[in-house]
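Enquirer: coords below, sequence missing:
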């Protein structure tokens, strides 16, 4: 599934081998390692494994991984859609924050999930203390579901993820 989305001043495109060095730049950071289930340290070998894992998941029809770019094709972050769970994840490299890239990417991928893939509801899973991610969720029209949080464990840290939902404002007409 080769997905490329454009809008609101950004392009979401598939990762490629030319991005391996930039993947290291994005994910080899203490905050990214803390919030994301990625290898630490995140070196070139980890980037190659990540890209291979992403490609296998895409080929299986399980997930879509897209680099977030802004005009010059430089990857500044990532958005990912888990097709089975209907969940989106996003991460913008620390050096590229402040330009609303995550909000714009989230809105673009959410629209694609609703209109092209036919998902009536799309979800996010966010740690309550991740204020920046909560702000991105709100800007994308997501709302807390009120469900009990799901606890996950990664790198020896156990933490709750709270579920947020976005329902398609224009569901398909029933005929």
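Expert: The structure has been received and is ready for your questions. These numbers come from a predicted model, not from an experiment.
Enquirer: tell me which residues touch residue 109, please.
Expert: Counting by CB atoms under 8 Å, 6 or more residues apart in numbering, residue 109 makes contact with 5, 12, 64, 66, 79, 81, 88. Where you see a C-beta, it was placed from the backbone N, CA and C, and this is true even at glycine.
Enquirer: just the ones of the residues you listed in strands?
Expert: Counting by DSSP state E, the part of the contacts of residue 109 found in strands is 5, 12, 64, 66, 79, 81, 88.
Enquirer: can you put those residues in TSV and add neighbour count and distance to residue 143?
Expert: Supplementary listing: the ones in strands among the contacts of residue 109 in TSV, determined by neighbours: other CB atoms under 10 Å; distance: CB to CB, whole Å:
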residue	neighbour count	distance to residue 143
5	18	23
12	23	23
64	24	23
66	26	24
79	26	19
81	23	19
88	25	14
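Enquirer: please identify which of these is nearest to residue 96.
Expert: Nearest to residue 96 among those is residue 79, at 13.3 Å by CB to CB.
Enquirer: bridging residues for the nearest residue to residue 69 once chain neighbours are set aside?
Expert: In space, and not counting its chain neighbours, residue 69 is closest to residue 11: 4.7 Å by CB to CB, 6 or more residues apart in numbering. With DSSP bridges applied, the residues forming beta bridges to residue 11 are residue 6, residue 69.
Enquirer: again with residue 165
Expert: When bridges are taken as DSSP bridges, the partners of residue 165 come out as residue 123, residue 143.
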